[in-house]
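Trainee: Okay, structure incoming, though there's no sequence with it:
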């Protein structure tokens, strides 16, 4: 078990946090739904035309949609736009290539002097 935790601790922790937060969202949403149904004199039910399942699905997918949209936008924009000295931006590759060219030129000059 120690090896699995050491190799996959981050994934296990993130998965546990996801499941716990989703369970809390479900439970809290159910409590709110029951309260609203009782205020209107209706019996709360999980499934059916007016069941909690539809409200729960809407809340879940609204959260996921906004998160995926944010991540997708961030990835697409960082593909085309540059923020100098940012790890996400491709300018570091250009700087590395330029440094290599300078080093190659110096090595070539040293070789030419000796040869």
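Mentor: Yep, it's here. The structure presented is a predicted model; accordingly, all values stated were derived computationally and were not measured.
Trainee: any idea which helix or strand carries the residue nearest to the spatial centre of the chain?
Mentor: Closest residue to the average C-alpha location of the chain: residue 71 at 5.9 Å, with C-alpha atoms, centre = their mean. Using DSSP states H and E, residue 71 maps to helix 52-80.
Trainee: Residue 97 now?
Mentor: Using DSSP H and E, the element containing residue 97 is helix 91-114.
Trainee: Please work out the average pLDDT along that helix.
Mentor: Helix 91-114 carries an average pLDDT of 81.
Trainee: For residue 4, give me its contacts.
Mentor: By C-beta atoms under 8 Å, 6 or more residues apart in numbering, the contact set of residue 4 is residue 12. Every C-beta, even on glycine, is put in place using the N, C-alpha and C of the backbone.
Trainee: For it, give its distance to residue 19.
Mentor: Remark: distance between residue 4 and residue 19 (C-beta to C-beta, to the nearest Å) = 17 Å.
Trainee: And the protein, what are its domain boundaries?
Mentor: Here the domain parsing of the chain from automatic domain parsing is 2-68, 82-115.
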